[in-house]
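Novice: Got a sequence here, can you build the structure:
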Amino acid sequence: MSYGTVSFRSWRVVAIVLCALFLAVVGAQCPATGTEKGDFLTVDKVEPDFGKLKGRWLRPDGGYIIAIKDIDPGGKMDAAYYNPRQINVSIAKATREGGTLKVFIELRDVRYPGSTYTLIYDPKADQLSGVYYQAAIRQHFDVFFVRAK
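Specialist: A predicted model of the protein is given here:
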C-alpha cells in the first residue's frame with residue numbers, strides 16, 4: 001500500500017465523519033415532524049399544579065373563609081369569600097413563581113372597595129399566608145389561612 005492510498009483513505013474517513021457531524025447538527029436544529037400529517041412536534045408548557053389550592057380556607061383570627069372551587073390551567077380561580085356572608089370576589093387568580101404557588105384575590109362589595117389578599121401557599125404547613133389590604137381604611141395586615149376540615 002502506497003503513501004498516496006493511505007492519505008486518500010484518511011481523507012475519505014475524515015470527510016465521512018465531517019458529513020455525519022454536519023447532519024447531526026443540522027438535524028438537531030430542524031423541527032421534527034410528529035404525525036403522518038407532518039405536524040410539528042410541540043412540547044406542551046408544564047402546567048402549574050394548582051390542585052393543592054382547592055378547598056375551604058379558614059382565617060382563624062376572624063372566621064373568614066376563602067373557598068377555592070376550581071382553578072383553570074391559566075390560574076383563573078372560581079373562588080368565593082365569606083365574612084360570614086358571601087362577599088363579591090372580583091378577581092381571583094393563582095400563579096406559580098418557581099416552586100412557589102401564589103394566590104391573589106380582590107374583593108369588590110359594600111365595605112370592600114378593592115380590598116385584596118396576596119397569599120403564598122406553604123405546602124409543609126398546608127397554609128396560605130400573606131397580606132390583607134383593607135382598602136376602606138388603607139391598611140395592610142399580616143394574615144394566614146388554614147385548610148378547613
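
Novice: Dig out what residue 140 forms beta bridges with.
Specialist: Residues in a beta bridge with residue 140, per DSSP bridges, are residue 133.

Novice: And it, how far from residue 131?
Specialist: Look at residue 140 and residue 131: by CB to CB, to the nearest Å, they are 5 Å apart. Just so you know, the C-beta spots here come from the backbone N, C-alpha and C atoms, and that holds for glycine as well.

Novice: swap in residue 73?
Specialist: As judged by CB to CB, residue 73 and residue 131 stand 26 Å apart.

Novice: Could you look up the SS state of residue 51?
Specialist: What DSSP: H, G, I helix; E, B strand; the rest coil gives for residue 51 is helix.

Novice: Pull the contacting residues for it.
Specialist: Applying CB atoms under 8 Å, 6 or more residues apart in numbering to residue 51 gives the contacts residue 71.

Novice: Equivalent analysis for the one 4 residues further on, please.
Specialist: Residue 55 makes contact with 67-68, 147-148, according to CB under 8 Å, 6+ apart.

Novice: Tell me the pLDDT of it.
Specialist: Note on residue 55: pLDDT of 97.

Novice: Relative to residue 106, how far out is it?
Specialist: 20 Å.

Novice: One more: residue 71?
Specialist: To residue 106, residue 71 is 16 Å away according to CB to CB.

Novice: more neighbours, the two?
Specialist: The residue with more neighbours, out of residue 71 and residue 106, is residue 71; 23 against 19, by other CB atoms under 10 Å.

Novice: For residue 68, see how far away the closest residue to that one other than its chain neighbours is.
Specialist: Nearest residue to residue 71 in three dimensions, chain neighbours excluded: residue 50, at 4.0 Å (CB to CB, 6 or more residues apart in numbering). Shown here: residue 50 relative to residue 68, a distance of 9 Å by CB to CB.

Novice: tell me, what's touching the two both at once?
Specialist: Counting by CB under 8 Å, 6+ apart, the residues touching both residue 50 and residue 68 are residue 77.

Novice: Dump stretch 93-101 to PDB, restricted to CA.
Specialist: This file holds the C-alpha atoms of stretch 93-101, laid out as PDB (Å, rounded to 0.1, in the frame of the first residue of the first chain):
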ATOM      1  CA  LYS A  93     -56.100  34.100  40.300                       C
ATOM      2  CA  ALA A  94     -53.300  31.700  41.100                       C
ATOM      3  CA  THR A  95     -49.700  31.900  39.800                       C
ATOM      4  CA  ARG A  96     -46.500  29.900  40.200                       C
ATOM      5  CA  GLU A  97     -43.200  31.500  40.500                       C
ATOM      6  CA  GLY A  98     -40.500  28.900  40.600                       C
ATOM      7  CA  GLY A  99     -41.700  26.400  43.200                       C
ATOM      8  CA  THR A 100     -44.000  28.800  44.900                       C
ATOM      9  CA  LEU A 101     -47.800  28.900  44.500                       C
END
